[in-house]
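K.L.:
with the sequence up front, the predicted model follows.
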Amino acid sequence: MGLVDLLFGILSAAAFGAAFGVVFTRNTIYSALFFVSHLLCLGVLYALMQAPLLGVIQVMVYAGAVMVLFIFAIMILDISDFEDDEIGERPKALVAATALVLTFTGMFFAYTKGLTIKTALAEPAHGLQPLDTDNVVRVARVLFRDHVITFELIGILLLVAVVCVMVMAKRRLEN
Amino acid sequence: MAPDLSLLMGAFMVLAADIPLRSQSNKRVIEAITTVALGLAAFFVIYSWRLQTTVVGTVFVADHLAALSKIGLIAIGGTVLVLVRRQGQQSGLLVGEFYALLLFSLAGMTFFASSNHLILTFTALETFSLAMYVLAGFRKQESYGREAALKYFILGAFAAAFFLLGMVLIFGAVGSVEYSKIGEVMRSLPQDSPRAMLLMMGLLLVCVTFAFKIGLAPFHLWVPDVYEGATTPVTAFLSAGAKIAGFAGLARLALNLPFERLSLPIVLGSLAVLTIVLGNVGALRQLTIKRLFAYSSIAHSGYALVGLVGGGSGGPAAVMRYVLIYGLMNFLCFALLTSIENGQRNATIEDIQGIGFERPFFGMAMAIAMFSMAGLPPTAGFLAKFGVFKVALETGHTKIAIAAILGSVISAAVYLRVLVALYMRPKLKEAATPNWEWSLGLSVALSSLLLIYWGVLPGSLYALTAGL
Amino acid sequence: MLLSLILWSPLLAGLLLALLPAEGFARIRQVALLMSLIHFGITLYLLRHFDPTLASMQYVERFDWLPEMGVRYSLGVDGISILLIVLNGLLTPFAILCSWKAISERVKEFHVLIFALQSAVHGVFMSQDLFLFYIFWEASLLPMYFLIGVWGGERRLYATLKFVLYTLAGSLLMLLAMIAMAFIAKEQTGHLSFDFSTWRTLKIPLEQQRWLFLAFFLALAVKVPLWPLHTWLPDAHVEAPTAGSVLLAGVLLKLGSYGMLRFCPTLFPEAAILFQKPIVIFCLIGTILGAAMVLVQDDFKKMVAYSSVSHMGLCVLGIFSFNLGGQQGAVLTMLNHGLSTGALFLIVGIFYERTHTRDLHVYGGAVVKMPLLGLLFLPIAMSSMGVPGTNGFVNEFLVLRGAYLYQPWVGVVAAGSIVLGAAYMLRLTQRVMYGPLKSPVMEHLVDLDSRELAQLSILVLLIFLFGIFPNLMLSRSEASVHEGLLLMMRGALPNAIP
Amino acid sequence: MFMSVEFALTLAVMIFSLGALGVMLRRDPLVMFICIEMMFNAANFALVAISQYLGLIEGQALVFIVIAVAAAEVAVGLAIIIAIFRNEKHVDVDAISQLRG
Amino acid sequence: MKTLYLVLFLPLLTAIFIRLGGARMSKRAVSVLATSSVFVAFGFAIMSFIALSRIEPPRAATLIIFEWLRLGSMSIDFSLLLDPLSAVMICVITGVGTLIHLYSSAYMEEEEGTEFARYYSYLNFFIFSMLTLVLSANFVVMFIGWELVGVSSYLLIGFYRTKESAANAGKKAFIVNRIGDLGFVLAIFVLMGVFGSTDFNVILPSANQLGVGSVLATTTALLLFMGAMGKSAQVPLHVWLPDAMEGPTPVSALIHAATMVTAGVFMISRCHAIFELSPVAMHAIAWIGAITAIFAASIGLVQNDIKRVMAYSTLSQLGYMIMAVGVGAYSAGFFHLFTHAFFKALLFLGCGSVMHALHGELDMTKMGGLRSKLPITYWTVLVGCLCLVGFPGTSGFFSKDEILYQVLTSAHGSIGLWMVGTLTSLMTAFYVSRFFFKVFHGKTRLDHNVFEHAHESSAPMAVPLLALAVLSIGAGLLGLPHFISHWQPFEHWLAPVFSDLVRSEGHSESLGLPIGLMALYTLLAISGIGVCWRLFANVSETPTKIAVSFSYLHQLLWNKYYIDEIYDFVFVRTLFGMSRRVVRWIDQGMIDGSIHLISDSAQSLGIWSREKLHNGYARFYAGALVFGTVLMLALALFTN
């Protein structure tokens, strides 16, 4: 077990713990902060998994921009004192959590026919260079060559989002 | 890609025109732009009708299925315009943003229908979904509208997450999420190998989202709430548009993937039967007309799905016919609803009680719509149902067909109840008075006639779907 | 094109009627009556030029309709259907006449629906393509749905929904079976087909035949209605307006028995023989229980309605006796039941218009006030209980003989219905016509007016005519019935008959 | 040991289900929405792991796209939530249940 | 032979004409028209009879009117058969019919014009039906006539249709007759199955095909006899006949004494070839006849209603006839039918005359001493009574004697039957004379006013009485016992019909037995009359005492063995009770119940989905989504 591997394990545990925290803290703002840490952990994990570009984007876009939006919204609505009742009954919630997680994971294992998930995956391509060499270039190549239409559509999607936000945010639509 | 792009261009134009024109004339211009965009898109679809399938960058195909669903979607867009003309003022829909979002979401749907790659499917799905969330909540001054938007959004996003997980699993099992590659790999794998199983899990998760969008039980719970909360033209759009797009997507899956090799027929069949039953019994006791149509929309999703249980051969054609006819019936129903809607209150069955004979046009159109919805000859609704049952039997799913057909009996009870109210009960004091704007009246007349025409001479409809 | 003319002319007449101003009730009625009479004339023309010696379809019209599904617009008549077409043509003027006073609201719509119903029923009898058959079959539901629902009695909504849903549940199963048959046709002939003549040539394994047969049979049995699927009938009859009852009993029930005679044995011969016994038992139960149930009804119309259950049970018994006599008797039953029960419903309507009640407790002694009706009531009642000299005797005789030929005990049990039939019909006659005048309601009865007199006396004349000269009808249907039986036997016992 | 595709996928599925649970459990719409984002992220995480295992760069491109879509969705979602809770004083999804039946 | 058309259709046409137009004609015109039409028919019947007699034996002529029904290769014609049997019958029917028509014109004169016309129309229709029955040349036509006779009897019994009891009686008669008809029609099916035809000409000569003594033959015979039981009112289907007295008295005379009720005897005689095949059936028939005879006679002993006494006496005499044909003595039975037609019609008309004089009084305990007031009636009824009792020299004496003789000596007969018959004969003497003395002799118990105003009726009523009285006496001459005369016109005439029967016994072998028997019967008749004279000719306490001392027996007889009550309880109530239960339990409970259950469960599923499923909570919807997903995955997993 190498150092990287250990790091991976620790970060994974942290990500899971943070996720747990998101669901089980009563306070909205704590949930948001747990989620930020969850995202940060994931960002590092991405970097560890030969995806440095995604790691960076994860930290910048998700943990940065998106979460700022969230916290902004929380602050605007001034709902920090709102506390969930259900979460108040932690034992019950915990049982539910365990049950659902186990069900889902169990279902997943049932489909992959056991814990050796590898047999359920496609054959890995051998002899290629690791993904983190020329990572940005290669991602960009896929993105702008194979998925150029999708990429363009994302642009539209963002525009749609802008219009949507505008509609929802304006006080009255009629002149 | 021309039709999709012309819709997008239209949306841009609307947005652009909306800024300088802040006067009353604005509405006219924007409506005109939208109409032209729709017309142009329709023109491109028809122009390229007979062309061979083209694939753009492996993710986008313009084939027959896509063209068919696009023409349907454009028609739905047109009908929404008609409904808005009658009702836009009172619902606050006569603004540039509405038209822009309408066109955007239509474009999203056309992309969705043309997508040959799960990631494009996902993006397109999100595009039209985002627009729809907001359209549903367009009446945001009212709590109903806001509630509809919130429910639709949270559940929609939730369902999208399942899509995503499913896509990932498929990627893991296949190494790609291009439909044709998935299909290839699937055919090459033995049915109970772990890879095939994982693939199936992914596929099922993807299907959850499709099912959510088209309102299949048990993923249908949002449907009546959102439909009721949205303004009537938007409801019409949500039910017909999402259905055409969603079923086009499912049909494309069916065309590419060997459904019969998985246990999908059983799963889809159970979903279909459950949907039919829950949709119809849910509608049995509804008083609000819009909610009733919402439940009926659910039930119709179930019927359309019956056509897909057997997979790719013949199924997609039957399903597309079904949803196209459903779109027509749906428009007719909502147009009739629009015609009696005055003010904010949702019309109930009691409002139309006993007015059938005094308002023969309204009554006849409603009767045709209801008979067609119930699937009684000689209306197009009968042929639509006939088509999907035929496919189910052809592919050997007799039990599903029988269950679905027994569900039809309940549906007959639902729709005949409307006619009972309309013709056979005494008129109440506050009965509604249909109010026709010319385009609405004309389109109601045309669509009623078309329902009968297709019921008697469905040749053209069959020609449309030939070769699927 | 004669058949198309007969098929569509009522609908056209209905559309024409729709153009008339809605206020002129009298004009609407007159025009409707005139058109229905002209139409009846056309059906008589058809009857006259029909060649009874041929077993095959005549006046065949065939066009491709939905080539994608192998559906054709294909019409034709043989000896069985032509009689029913004429019956349908005959009863419509009666339906219009008996509504002359009874229907005073939405007169135009009423007549349009009557005509629509006539077209649909014609369509069922003429279709040689099963898809077309099914379309007309379902289409015949809708006018009746409105006729009961709009112009019916107090519980009309319950009755009309029950009627439609009951029938629909059955017929949808038949639809599935039809689709399945089309695929079998595709397997064996290479293309989808709903054509009856094609279907007759198919060789279907028994396993499949069973289910197809049951699906067909159930749908038809609901319509007939065969016990225990009959409970919609009393409700529908009781609530329907007189014209609705006349047409319901007169022609709509015949759709079921016609379908049984035409399709069940010929398409699924082996299954038909397999299920012969249980079906016969159900018929017997229906015939006997139906008659027994008439005895204890206190509602005039319900009595007549239950008597239909009994009579139609006999009709199906005749069909499933699978011999010439029985089936000929069944054909006659269809026609005669149309005449006699139609007439009985007319009488119910005549009384209801005067008394506004159907409760037999207040009836009695009507003959004092209505001697003319007394004169005409008797032959109708006699026809219903199958007294010789009236048409009812011939069919009962033939059906019972057919049942006896199938198995003697069946004949014996079925013959019990002639006793029960007499019992309930005489009881009905007595409770309505005889005895002292019991209630003030009956004091104000007036005798038949000329319109009612004309209706009933025509029916009575026909009752006698077909009772004395049954060959008039039998000779027309014999060849076709014989052909159907032959086909069935060939299918069921391929070795026995060359 | 940890850095294997099995571990990553299992973790992803667990986080995904935790997120789903959060949506069902929490009544605060913002937290519900955060949970949905968590589900998206779990899927992304799995995708990255798979693409590393398979050696396919396309997986990373897909993640890129998903992040962009998610960002757009967040914008719209927050707008809707804010539009609602500007009018209602309390923040409780269960209170938003006028439409029913 | 074409005259048969006239015989047959003249009454029918008159019936239709009077029914449709009679209301506008005067009563006189109606009665004249109707009576003359039957009279003319009678004339033609006589002509046919004579024409037939000119034909060489076997005397039979068939007349096909039209093809009634064709079924494949089988064809059923509406055809007539004139042979000695039917020739006698048509003469009796039209002859007695004419007299009754004539009588009715006076008897019914108080009816309104329309009712009067209706009466004659029904009466003529009955004549037509009865003629169809007897003239039929095949079983189907016979059945047609058979049923039509039932119909016209129904109409005539229920003639006073505003009277509930009359309507009930008509209904009862028809339904009971239908039970018999059921057997008849089944027998026809059997015969059609065996012979492929229904023609008498085909079936009867080759009846052996059924197999001598075979189950098939027995079944057929018994089924046919079931029909006869209905029409000829044999136990246990006799219940309708006493009630049938609700009809006008001339109707009782014509239908329920002279013609219709003898149809059974006629039919058995006609089909004797079939009955002869089955000794079992013959025994059953003979015994049923015997039981009916003694059973009805015993009831007749205590009845007070004069028409009912006549009705039970008719039943009893019918029992004799059936017993006769049951032992194979067709000629004898038929002869009794013939004579009985006259004297019983006479008796009924006499009763009618009494009723007419007393304004509808029927209770003999309230009569008495009418001899002086109604001389013609008295003397004619006396003749009828003597015939019925079997007083030597009357026709009844000869015909009954012949029957009892045959019962004793025939191969099918037995001493048991004979004893029953003889006992019945004694009872008959008793109740007939009781009737006679109570009505005509002694002191009158009538209301003074009524008694004073009672007077002999007009000529139209008197003439038939006289004519029938003459015939009752004279008819005996046609069938004198063999040892008295070798001139046997009746038997000789019928011989061709029964030529197939091989007689084992001769008539002229010994004189001792017939003469001894005759003496016995004479003794019995006289002693019966004598006892009655003592008991009833004058008012005395003795009958009451007897009744009291045998009160159980008296009650039993007075209540007609409670048969009506038993039937009502066992059949009618059971049927109605069962039907009500069927309606309530099966129709409404099970069938509609399950239909409603389906619709209710759909409705409640709808309510459930509305309240529990679509509850408005977004979180619940999300949960349903997850739940649905898990279910879907599990389903796919397990079905893969």
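P.N.:
Happy to help now that I have it.
K.L.:
the helix or strand hosting B:Val418 near chain C anywhere?
P.N.:
For B:Val418, the host element (DSSP states H and E) is helix B:398-419. Yes - Helix B:398-419 is in contact with chain C by CB under 8 Å from any CB of the partner chain, via B:Thr398, B:Ala401, B:Ile402, B:Ile405, B:Leu406, B:Ser408, B:Val409, B:Ala412, B:Ala413, B:Leu416, B:Arg417, B:Leu419. For every residue, glycine as well, the C-beta is placed using N, CA and C.
K.L.:
of those residues, which are in range of chain A?
P.N.:
Applying CB under 8 Å from any CB to the residues of helix B:398-419 next to chain C, none is adjacent to chain A.
K.L.:
tell me the one of those nearest chain D?
P.N.:
B:Arg417 (16.6 Å; CB to the nearest CB).
K.L.:
next one: the closest one, what pLDDT does it get?
P.N.:
Model confidence at B:Arg417, given as pLDDT, is 88.
K.L.:
show me where pLDDT drops low in the chain?
P.N.:
Picking chain A for this. A:1, A:79-89, A:127, A:171-175 (pLDDT under 70).
K.L.:
that was the other one, I meant chain D.
P.N.:
Those would be D:1, D:89, if you go by pLDDT under 70 across chain D.
K.L.:
that older thread, for ChimeraX, write the select line for the buried members of the residues of helix B:398-419 next to chain C.
P.N.:
Of the residues of helix B:398-419 next to chain C, the buried ones can be selected in ChimeraX as follows, counting by 16 or more other CB atoms under 10 Å in any protein chain shown:
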select /B:401,402,405,406,408,409,412,413,416,417,419
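K.L.:
can you put the residues of helix B:398-419 next to chain C in TSV and add distance to C:Phe393?
P.N.:
Putting those into TSV (distance: CB to CB, whole Å) gives the following:
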residue	distance to C:Phe393
B:Thr398	46
B:Ala401	46
B:Ile402	43
B:Ile405	42
B:Leu406	42
B:Ser408	43
B:Val409	40
B:Ala412	41
B:Ala413	43
B:Leu416	41
B:Arg417	45
B:Leu419	43
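K.L.:
which SSE is the residue sitting nearest the centre point of chain A in?
P.N.:
By CA atoms, centre = their mean, the mean C-alpha position of chain A lies nearest to A:Leu39, the distance being 6.1 Å. Here A:Leu39, judged by DSSP H and E, is contained in helix A:28-48.
K.L.:
also D:Ala61?
P.N.:
Using DSSP H and E, D:Ala61 sits within helix D:58-87.
K.L.:
point me to the residue of the stretch 201-350 of chain B nearest chain D.
P.N.:
B:Asp225 (3.8 Å).
K.L.:
which residue, other than its chain neighbours, is closest to whichever residue of chain D sits closest to chain E?
P.N.:
Going by CB to the nearest CB, chain E is nearest to D:Arg100 of chain D, at 2.9 Å. Leaving aside its chain neighbours, D:Arg100 sits nearest to E:Gly616 (2.9 Å; criterion: CB to CB, 6 or more residues apart in numbering or on different chains).
K.L.:
residues near whichever residue of chain C sits closest to chain D, how many?
P.N.:
Using CB to the nearest CB, the closest approach of chain C to chain D is made by C:Leu161 at 22.9 Å. Look at C:Leu161: counted by other CB atoms under 10 Å in any protein chain shown, it has 22 neighbours.
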